[in-house]
Every structure is written in structure tokens, then in C-alpha cells.
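Here is my input; please provide its structure:
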Amino acid sequence: QVQLVESGGGLVQAGDSLRLSCAASGRTFSMYIMAWFRQAPGKEREFVAALNWDGLNWDYGDSVKGRFTISRDNAKSTVYLQMNSLKPEDTAVYYCAAQLPKSYNDFRAQSAYGTWGQGTQVTVSS
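Predicted structure coming up:
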């Protein structure tokens, strides 16, 4: 099982870019489907993006399509979230999550992910 540690959060202005990283420990990182979720104050945690082991299948939440890009470097056991054209409504704690692939994989379901990081705060000022 992997352990996940996010980094790269911070305070930026609207329109800026930010890249989050999620470093995984463990030798089996390349097997996992990796995802990013976020939770804004007073709101439920929501799906942001997910990527399968080889990077050939991905999914994005509707609110971030065209602005955010998820990628991974299996050699470095790291998954990234490049966030462009940030908006104040992107302000949230961003969590990295991992799930082992199954016969049917649900990228968006939080319950499918068995491992979570501690989160990193992203604040976008207007």
C-alpha cells in the first residue's frame, strides 16, 4: 500500500497558475489509479481529476476541465496537478488519493479510493 504526501499549495491571485505534487511511498505506485479531490469550506469534497496507471485514461471534474491537467511520473512515484487560470472558487484543500484498479474502475467515486494524503491548502484571491 502506498502513502501519499501532497505539496505545492499556497496563496495566489486569480488568473495565476499553481502545480501541486503528490509523492507516494511504496514500490507499487505505478499500479495505482491516482486522483485529486478538493474540499472548500462548508462544502462536500468533490472530484477534480484522475489518471490511470499508464496515463492513457483520465477524467476531469466539469468545473476544472480545460484549466487543470493531471499527470504522473511513475519513475518518481509522483502525481501532479497543474492548475491554470485559477479562480477564487478553486480555493480549497486539495487531496491526493490512490486506488488499485479493478474490473470496473470508477474514477470519480471517493469510496473507490483506499489511500488519501493529508491535503494541501490552495487559496485564490480575487
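
Where does the prediction get shaky in the chain?
Per-residue confidence of the chain (counting by pLDDT under 70) places no residue in a weak region.

And the residue nearest the centre of it?
In the chain, the C-alpha closest to the average C-alpha coordinate belongs to Trp36, at a distance of 2.0 Å (Cα atoms, centre = their mean).

Please name the residues that touch it.
The contact partners of Trp36, by Cβ atoms under 8 Å, 6 or more residues apart in numbering, come to 20, 22, 48-50, 70, 79, 81, 94-97. Using the backbone N, CA and C atoms, a C-beta is placed for each residue, glycine as well.

can you count the residues close to the closest residue to it other than its chain neighbours?
Using Cβ to Cβ, 6 or more residues apart in numbering and skipping the chain neighbours, the partner closest in space to Trp36 is Val48 (4.2 Å). For Val48, the tally of surrounding residues (other Cβ atoms under 10 Å) stands at 26.

Wasn't Val48 part of a strand?
Yes: when DSSP: H, G, I helix; E, B strand; the rest coil is applied, Val48 is found to be in a strand.

Test my guess that it contacts Met34.
No: Val48 is not in contact with Met34 according to Cβ atoms under 8 Å; the separation is 11.4 Å.

hey, what's in contact with both of the two?
Here Val48 and Met34 have Ile70 as joint contacts, going by Cβ under 8 Å, 6+ apart.

how about Ser111, phi and psi?
With angles defined as degrees, to the nearest 10, Ser111 shows backbone torsions of phi -70, psi -20.

for the one 10 residues further on, same thing?
Dihedral pair for Gln121: phi -80, psi 130, per degrees, to the nearest 10.

How many residues are close by the closest residue to it other than its chain neighbours?
Residue nearest to Gln121 in three dimensions, not counting chain neighbours: Gly9, with 4.8 Å by Cβ to Cβ, 6+ apart. The local packing of Gly9 (other Cβ under 10 Å) involves 17 other residues.

re the thing from before, who's in contact with the residue nearest to Trp36?
Under the criterion of Cβ under 8 Å, 6+ apart, the neighbours of Val48 are 35-38, 60-61, 64, 68, 70, 81, 94.
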